[in-house]
Each structure stands twice: as C-alpha cells, then as structure tokens.
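[1] Below is the sequence, then the predicted model.
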Amino acid sequence: MILYCATSNPGKVREFRRAARDPWRIEPLPELARIPAPEETGTTFDENAIQKARYYAQFAGRVSIFAEDSGLEVDALGGAPGVYSARFAGPDADDARNNELLLDRLRDAADRRARYVAEIALILPGDEPRTFRGVVDGEIVREPRGSGGFGYDPLFFYPPFGATFGEVAAEKKLTVSHRGRAVEKMMEFLHRTKSSG
C-alpha cells in the first residue's frame, strides 16, 4: 500500500522510507516537482504541516498523503530557528550557511540545549488531517562533527549516543530521531485503522 509524502527533500524521503512498516510503502507525491510550493505562513510546526497537507491533498486525488514540518529549537535563542530552520540564514540558504549562522549566534552561549521537532499531518481520503509529533532532546556542539545526515545533524549532539547525529549511521539515528518517532506514531495509527476497518 502506497502512502504519499509531500516533500522532495531527499534526506527526509530516505528517513520516511526507513521508518515505514509493511504493508505501507512511502513515495513522494507524483509530479510533485511541477506543483508550486505553498507559502508557509504558520507560526508552529503543527500549523505548517496541516497547511501543506491540505494544499497537496488537492493534487493527490483519493489517496493517502502526509506532509511534515520540522526543525530545530534552541533554548538560548528563544526557540529559534524553529519553523524557520530551513531558511534560517535566508530564503536561499543551504545547510552549511544555516549551521554557520547558528554557531555564530551561539558563540558565547553557555546554555546549548536544543531539540529537534517533527510534526506530521496525515490526510486519509475523505478525512480531516491528523497530526503526529516527534521530539528528541540534545545540545549544540561548538563545531560540526561528522558528515552524515543533513540539516543541523553535524551540530546536534545526542548524549545517549555520545555523538552528533552527523556521526552515527542513518539507521541508528532513526531509532531516536524526531522524524522517526513521528513516523512511528503515524504507522501505529495506520495499523490500528487498518485492523479496525
């Protein structure tokens, strides 16, 4: 059974696919690249995820589709970059520039606590959006460590691993990551729905 995701971010697609469980297979929405991206006007991950899911559901027909909004919240920055994580250093920013800006903003900060948050909004045919949240706590290191993952992973230190998400294998990261936890909750819901239907 195919569950479509409304993202073209290859890193996210890989993580979604790794976290999926039989009989579900996760694929990007067909022709996604040709659909103009919606403007993200929400002030929370939940609002943006629902907004994107509703928007892309218009192009999906009667299939199950989900959208996700996620990012990094840093205590010393009042929860920033938050919903602006992907464009923290500007609308055309890449991971390297976002990481550089984060380190610059935290240069003198003693409190380096942070968390990754992922919010998934799922729309089943004829149904209203349902949301699933995943959170993982860690702290920001003072320089990038590891070349794995994407986004802020080389800066996000997870104490139980004694390493950043950029230093661990993708499969290991997924067992505790915000995205992995959100997808797991969605999978549990889908299995309950399927077994009760």
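    Done, it's in. No experiment lies behind these values; they were computed from the predicted model shown.
[2] Any regions of the protein where pLDDT drops low?
    195-197 (pLDDT under 70).
[3] how far out from the middle of the chain is the lengthiest helix in it?
    Longest helix of the chain, by residue count under DSSP state H: helix 178-196. With C-alpha atoms, centre = their mean, to the nearest Å as the basis, helix 178-196 stands 15 Å off its chain's centre.
[4] Sort out which residues of it are buried, please.
    Using 16 or more other C-beta atoms under 10 Å as the test for burial, helix 178-196 gives 178-187, 190. The C-beta positions use only the backbone N, C-alpha and C, and glycine is treated the same way.
[5] And the contacts of it?
    3, 12, 15-16, 18-21, 24, 66, 68, 70, 115-120, 122, 124, 130, 132-136, 173-174 (C-beta atoms under 8 Å, 6 or more residues apart in numbering).
[6] repeat for stretch 157-173
    Among residues not part of stretch 157-173, those counted as contacts by C-beta under 8 Å, 6+ apart are 14-15, 18, 136, 138-141, 144-149, 153-156, 176-177, 180.
[7] Just the terminal-to-terminal distance for that stretch.
    Terminal residues of stretch 157-173 are spaced 11 Å apart (C-alpha to C-alpha, to the nearest Å).
[8] Helix, strand or coil: sort out the residue nearest the centre of the chain for me.
    In the chain, the centroid-proximal residue (C-alpha atoms, centre = their mean) is Ser70; its distance is 3.8 Å. Following DSSP: H, G, I helix; E, B strand; the rest coil, Ser70 is assigned to strand.
[9] close enough to count as contact, it and Glu119?
    Yes. Using C-beta atoms under 8 Å, Ser70 makes contact with Glu119 at a distance of 6.8 Å.
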